[in-house]
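Engineer: Next one to model:
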Amino acid sequence: MPQYRAPLRDIQFVMHELLEVEKHYDKLENSKGLGRETIDAMLGELAKFTETVLSPLNRTGDEEGCTLKGVEVTTPKGFKEAYKTYCESGYNAIASDSDYGGQGLPPSLGIVASEMVGSANTSFAMYPGLTMGAITALQAHGTEEQKKTYLPKMNSGVWSGTMCLTEPHCGTDLGLLRTKAEPAGQSENGERKYKLTGEKIFISAGEHDLTENIVHLVLARLPDAPAGTRGISLFLVPKFLVKPDGSVGERNTVKCGAIEHKMGIKASATCVMVFEDAIGYLIGEPHKGLKCMFTMMNVARIGTGMQGMSQGELAYQGALTYAKERLQMRSLTGPKFPDKPADPIIVHPDVRRMLLTQKAFAEGSRAMAYYCGVLADFSRWVPGTEEGKRAEELLELLTPICKGFMTDTGSESCNLGVQVYGGHGYIREHGMEQLIRDGRVLQIYEGANGIQALDLLGRKVLATGGARLNIFTDEIESFCKANEGNAAIADLIAPLRLHVLEWHQLVQDILHKAIKNPDEAGAASYDFLSYSGYVCYAYFFARMAAVAHAALAGGSSEKAFYEGKLTTARFYFKRILPRTRSLKETMLSNAEDVMGMPVESFVF
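Structural biologist: Model prediction:
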């Protein structure tokens, strides 16, 4: 397994030079005066923790996995101690509300922290990640009593959280769920109680030994619930019931029935959870649970995109280290290391192609994810303002792209990592195959990427007549206009502008076809998501190139770093962005190409 090293210089570049977060923070009451020195110091300490504590547990956690004895799950050796240190250091609640024990820092800092934790050990990251999602939902929709009772313990890491959606017979189509909730009187503090009965599957961190209590957020149906998604309510179901003084009481009737035997993320306990008249409490309004849960799911979707980038980053680090050390053949243009029996494989063009593709995906993903983090800052902290509304609109547009495209490119990067290693990548010794196994699930969960594509094209673009897309493309056009005279990046600005125009035209072409046949939108959706992702990355690479050029023109001493940025940007535009040509062609082909075959013709 590659030894993770936090890419602090690139993190600092995106945070301070590309996005200039300090200027954004000064507009937000909660983070005024949060300067670069403080930010870098905090991230530096987290980097040390992820490199020295979490990274060494990545391989051993995969080999040991989680174990179930009775109804109790034990995490791999070292996880409990690492989790304790993680929480005591305050990393568990970086962006949580300070009124309930959180640090109250901007969500964008939480995004950066999640990258480092996920890169070092994605299985470990699942535990605090699910808790953060539950905290977000409870902050937004819980009663004041629920917040006071549960949030301080969850923010401190003494208690953790889950989201319980999927059932054996239903995944994405939550309208089919059967878990029921029956009224059961009142609790000691006067809150209405319900008894929940049903089975949930694929519940990450559903049972473990890291915390004294686990707070499950569970979707279920009340007796008078209408059919479909309009009849879903959200309930808080603790593993241990909570006494009026806030301490844990008797065990609730919710248990782990099994842990899944998975392809990857084996150190993350993925559980079958069985509810048998388990005591729960309503969150939000009856039958409005899906809206409440989406607050949590949208956080999780950006987090999942970050995990995709994190796996790709670790694969790149491993591949780059190996490519500099592995000796094989001579360069096509003559020996580059004549004192050695062969040249390191990094001199070969195809290896460079793979490494640059990994580098481009990692850096493009980082820029886009951190940008979304800044949007989250404004949408959360100044929601009623014009800037807050704009941020919310943009975040809704970009969330499915973050989740879908960043996990797709992360998976591609992991596959390239194995390819760079060759045969050594295929065996367990070097850990590259673990990255493929751990990262593959990211394209599936929190809404499979096909669902993200439907959400993007259907709800976020076509349903708004392209209005949300216009907000983003107007920003891109403003950037292009501001750099019209910048000869150093003219070769990036021109194709970026052409792609924006084509992006708009594709929306109109698909809309015209979908009016006559809705399957046209469904057939085009995945290609549209991929096309959108490539254009988004092109925008961020053009911006990064502009910053890098300005730094070099100003005489920066970090010549290699900034020249690397410019080279990567041009590689992206010349070698990766052209993938949009084939996507355009497949997007505009008829739905009949995929829907025309009769079901009975699918035979084997």
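Engineer: If you count neighbours, what's buried in stretch 321-330?
Structural biologist: For stretch 321-330, burial by neighbour count (16 or more other CB atoms under 10 Å) applies to 322, 323, 326, 330. Glycine gets a C-beta too; all of them are placed from N, C-alpha and C.
Engineer: Actually, stretch 283-296.
Structural biologist: 283, 284, 287, 288, 289, 290, 292, 293, 295, 296.
Engineer: For residue 458, state which of these is nearest.
Structural biologist: Closest to residue 458 out of those is residue 290 (16.8 Å), distances taken as CB to CB.
Engineer: Pretty sure that closest one sits against residue 219.
Structural biologist: Yes - counting by CB atoms under 8 Å, residue 219 is a contact partner of residue 290 at 7.3 Å.
Engineer: Common neighbours of these two, please.
Structural biologist: 174, 232, 234 (CB atoms under 8 Å, 6 or more residues apart in numbering).
Engineer: residue contacts, the last one?
Structural biologist: When you say that, I think you mean residue 234. By CB under 8 Å, 6+ apart, residue 234 lies in contact with 137, 141, 217-219, 282-284, 288-290, 292-293.
Engineer: 10 Å instead?
Structural biologist: 137-138, 141-142, 163-165, 181, 217-220, 280-293, 295-296 (CB atoms under 10 Å, 6 or more residues apart in numbering).
Engineer: Surely it is in a strand?
Structural biologist: Yes - looking at residue 234 with DSSP: H, G, I helix; E, B strand; the rest coil, it is inside a strand.
Engineer: Which residues does it form beta bridges with?
Structural biologist: Going by DSSP bridges, residue 234 is paired in beta bridges with residue 219, residue 283.
Engineer: Tell me the spacing between it and residue 341.
Structural biologist: With distances taken as CB to CB, to the nearest Å, residue 234 is found 64 Å from residue 341.
Engineer: ditto for residue 315
Structural biologist: Using CB to CB, residue 315 is found at 28 Å from residue 341.
Engineer: More neighbours: which of these two?
Structural biologist: Higher neighbour count among residue 315 and residue 341: residue 315, with 32 against 8, using other CB atoms under 10 Å.
Engineer: Nearest residue to the more buried one in space, ignoring adjacent ones along the chain?
Structural biologist: residue 417 (3.3 Å; CB to CB, 6 or more residues apart in numbering).
Engineer: And for residue 31?
Structural biologist: Residue 31's closest residue in space is residue 25 (CB to CB, 6+ apart), at 4.0 Å.
Engineer: so how far is residue 106 from that neighbour?
Structural biologist: Separation of residue 25 from residue 106 (CB to CB): 6 Å.
Engineer: Mind checking which of the two has more residues around it?
Structural biologist: Taking other CB under 10 Å, residue 25 and residue 106 do not tie; residue 106 has more neighbours (26 against 21).
Engineer: Need phi/psi at the more buried one.
Structural biologist: phi -60, psi 140 (degrees, to the nearest 10).
Engineer: Centre of the chain to the worst-scoring helix or strand of the chain on mean pLDDT, how far?
Structural biologist: Ranking every helix and strand in the chain by mean pLDDT, DSSP states H and E puts helix 289-325 at the bottom, with a mean of 90. Helix 289-325 has its C-alpha centroid displaced from the chain centroid by 5 Å (CA atoms, centre = their mean, to the nearest Å).
Engineer: who touches residue 15 in this structure?
Structural biologist: 21-22, 36, 39-40, 43, 108-109, 112, 366, 370, 373-374.
Engineer: closest to residue 149 among those?
Structural biologist: Checking the contacts of residue 15 against residue 149 by CB to CB gives residue 109 as the nearest, at 26.7 Å.
Engineer: Now do the strands in the chain.
Structural biologist: Assigned by DSSP state E, the strands in the chain fall at 67-69, 72-74, 159-164, 180-186, 192-204, 213-220, 233-238, 240-242, 248-251, 254-259, 270-283.
Engineer: Among those strands, which comes closest to residue 7?
Structural biologist: Nearest of these to residue 7, taken as CB to CB: strand 192-204 at 26.2 Å.
Engineer: In that closest one, which residues are buried?
Structural biologist: Going by 16+ other CB under 10 Å, strand 192-204 has these buried residues: 193, 194, 195, 196, 197, 198, 199, 200, 201, 202, 203, 204.
Engineer: one step back: which ones among the contacts of residue 15 lie within helices?
Structural biologist: Within the contacts of residue 15, residues falling in helices by DSSP state H are 21-22, 36, 39-40, 43, 108-109, 112, 366, 370, 373-374.
Engineer: Pull out the buried residues from those.
Structural biologist: Here, 16+ other CB under 10 Å leaves 21, 22, 39, 40, 43, 108, 109, 112, 366, 370, 373, 374 buried among these.
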